[in-house]
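predicted model and sequence below, questions to follow.
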Amino acid sequence: MSFIVKLLLLSALLSLLIKYATPSLVIPATAINALIIVLLPPVIMAIALLWRFQAHKQN
């Protein structure tokens, strides 16, 4: 399967999950929760890039 098709399917699945599953979640609107939501994606990306950099450096 092509990378683009996989990415499209994953995106559609995530979109449906956000649309139908998240309204049932009750997340209080606090400053800590806002910080977590805003800062979590860059932190995950930084960890992934550092991990990839370390793996590339070892080869």
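It's in. Residues are numbered from 1 along each chain as shown.

which helix or which strand is home to residue 26?
Using DSSP states H and E, residue 26 falls within no helix or strand.

need phi/psi at it.
Main-chain dihedrals, residue 26, degrees, to the nearest 10: phi -110, psi 110.

tell me the spacing between it and residue 58.
44 Å (Cβ to Cβ, to the nearest Å). (Each C-beta comes from the backbone N, C-alpha and C, glycine too.)

tell me, how many neighbours does residue 36 end up with?
12 (other Cβ atoms under 10 Å).

contact partners for it?
Residue 36 is in contact with no residue at all, counting by Cβ atoms under 8 Å, 6 or more residues apart in numbering.

same question, residue 8
Residue 8 neighbours (Cβ under 8 Å, 6+ apart): none.

swap the cut-off to 10 Å and go again
The contact partners of residue 8, taken as Cβ atoms under 10 Å, 6 or more residues apart in numbering, are residue 2.

Three-state assignment for it, please.
Look at residue 8: counting by DSSP: H, G, I helix; E, B strand; the rest coil, its state is helix.
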